[in-house]
Each structure stands twice: as structure tokens, then as C-alpha cells.
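Asks: have a look; sequence and predicted model below, questions after that.
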Amino acid sequence: MAFFKKQLVMLKLLLSGYSESHQKDELFLHEALRHSNSEDDFKNICFVLGKSGGLFCVPTLMAFAKDENQAKAVAAINTISQIRERVKERDNSEMQNFFSPSFWQLQWIGSKERFISYAACIAGIFDNESLFEEKLIDDVGEKLMREIYVDIFPHESFRELRLCTSGWETKEDFVQVLSEIQADTLVQSVMLDGTIVKSPEALYEENMVNMRCDYLLTRLKFNVDYSSFHYLLKVASRLNEPD
């Protein structure tokens, strides 16, 4: 069933071309890219996105542009080039660096202590019985450091950072993440009943947060539910703020 749905979505986008109304279908194909085990299947999806995809495709494709699989990386880069040539937003000053790989390189600007909490929070996606299993947190922390630039000097590994950090306030940081979930839930409910409308600036910021989550979850390649993981990355990013 999933195979036929994917083929129908691809055919629909090929026939109709680029449209902002196709965002849901594009997101479906992004997930199909992440689950694709065949180079040919991956290239076919990229071909469709190159013909009809919009800006929301870029972070996922940019993540694959760094893939160890050279065929996938080349296909992703070519698709990004096609999208860049087509979308009008490329002339917008705010989008000047949007198509640069360095734009998507994540930076940790929060404290080292909060990075440990961030890794522990992300490790929770694996539904382990012990939320603070040290080995799991260390493994997740190391994987995160491959994708997020974080200065842990003078430590040489995430494990060393965790063991040598005395000011790690886990409870306080987790309360902050839970508060973010509550605030986000409240905003979503208010938006649904039409009480308030987000400003263009707020929508832009929200879109950028979501797209950076798309990039990171694609790079991490965790075998988890992507929708849940995306939301976890979004709310946990609240920890990545200066003290």
C-alpha cells in the first residue's frame, strides 16, 4: 500500500509541477527518501522533487548531500540545484545563504551542561526503561556532536564531558523542555480556533526551526518514528540558548 501511495504522489507532483499547496506531499516524499534502501528509488524521488519541490525540500536534501553513499549525495546535490533555479525566493535577501551547506551546519550556543541535558532528552526517543542510561546518553551525545558544532574543550569526548561536569542540572533543564511543550500545545490550540494569527516573522522563524529539525533528523538516521523525533528535536532545541 505504501509503495502505491508513493507512486501516486510522485505522479501527481510530476504532472502538476511546483505548487505551495503540495507541501504535505513533499513531506511524504522526504520521509520516503529517509526510508529508501534503493539507489534507484532514491534517484527517482529526487527527480520528482527536482521538478516540483519547493524550499521545504532543501534541508532534507542538504543532509543527504553529505551522505556517505556517493550516488545519493550526487542525486541530492543535483536536486538542490534544480530547486534553486526554479524558486523565486532565491532573490530574497533573507534566503541569500539558504542554499549553502554552511547555512545548515548546526551550532551549539547554549552551555555545555545544557548540551548534556539535550543529549539525555534526545536519548528518550528510544523508549528505554531507564531514562538516564549512561551508555545510551553517551552514544547519542557522540552522534549529536558529529552533526552539531559544540565546543567541549578541554574534554575529548562526550562521556568525558558528562563525567567531569558537576553543574549538570537535569531536572531544571527537563522542566524547561516540558514548559516548551506546554507552551507549544497552547499556541497550537489557539491557532486552531482562530483566536490569533502568527505574524510573517513568527511564521518564518517557526519554519526555520522545523527545517533545521528536518536536516538534523535526516543526518542522524535514527531508526525511530520521524514525526515524534521531529517534535522532540523542536522542543529540546529550547535548551540551545545562551545563559
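Replies: Nice, I can see it.

Asks: helices of the chain, start to end?
Replies: Here the chain has its helices, by DSSP state H, at 2-16, 23-35, 39-52, 58-64, 70-86, 112-123, 134-147, 158-164, 170-192, 200-220, 226-236.

Asks: where does the third one sit relative to the chain's centre, distance-wise?
Replies: When you say that, I think you mean helix 39-52. Chain-centre distance of helix 39-52: 20 Å, with Cα atoms, centre = their mean, to the nearest Å.

Asks: same for that helix, what does it pack against?
Replies: Where contact means 3 or more Cβ pairs under 8 Å, 6 or more residues apart in numbering; DSSP states H and E, helix 39-52 is packed against helix 2-16, helix 23-35, helix 70-86. In short, each C-beta sits where N, CA and C put it, glycine included.

Asks: the domain parsing of the chain - what is it?
Replies: Domain assignment of the chain by automatic domain parsing yields the ranges 2-101, 106-239.

Asks: one step back: and of the helices and strands packed on helix 39-52, who's closest to residue 188?
Replies: The minimum distance between residue 188 and the helices and strands packed on helix 39-52 falls on helix 23-35, with 17.1 Å, by Cβ to Cβ.

Asks: which one is residue 41 nearest to, not counting chain neighbours?
Replies: Spatial nearest neighbour of residue 41, chain neighbours left out: residue 32 (8.0 Å); criterion: Cβ to Cβ, 6 or more residues apart in numbering.

Asks: I figured residue 238 hits residue 180, correct?
Replies: Yes. Counting by Cβ atoms under 8 Å, residue 238 does reach residue 180; the two are 4.3 Å apart.

Asks: quick one, which of these two is more surrounded?
Replies: residue 238 (20 against 16; other Cβ atoms under 10 Å).

Asks: how far away is that one from residue 26?
Replies: 27 Å (Cβ to Cβ, to the nearest Å).

Asks: before we move on, what about residue 39?
Replies: Residue 39 sits 21 Å away from residue 26, going by Cβ to Cβ.

Asks: so between these two, which is more surrounded?
Replies: residue 26 (22 against 13).

Asks: can you pull the contacts of the more buried one?
Replies: Residues in contact with residue 26 (Cβ atoms under 8 Å, 6 or more residues apart in numbering) are 13, 49, 52-54, 56-57.

Asks: 10 Å instead?
Replies: Residues in contact with residue 26 (Cβ atoms under 10 Å, 6 or more residues apart in numbering) are 9, 13, 18-20, 48-49, 52-57, 60.

Asks: what number of residues lie near residue 136?
Replies: By the criterion of other Cβ under 10 Å, residue 136 has 17 neighbours.

Asks: the closest residue in space to it that isn't next to it in sequence: how many residues sit nearby?
Replies: Among residues not flanking residue 136 along the chain, residue 123 sits closest, at 5.0 Å (Cβ to Cβ, 6+ apart). By other Cβ under 10 Å, the residues close to residue 123 number 21.

Asks: same question, residue 12
Replies: 13.

Asks: all further residue positions should be reported with the first residue as 201.
Replies: Sure thing, new numbering starts at 201, so read that last one as residue 212.

Asks: surely it and residue 224 touch.
Replies: No. Assessed by Cβ atoms under 10 Å, residue 212 is found out of contact with residue 224, at 11.1 Å.
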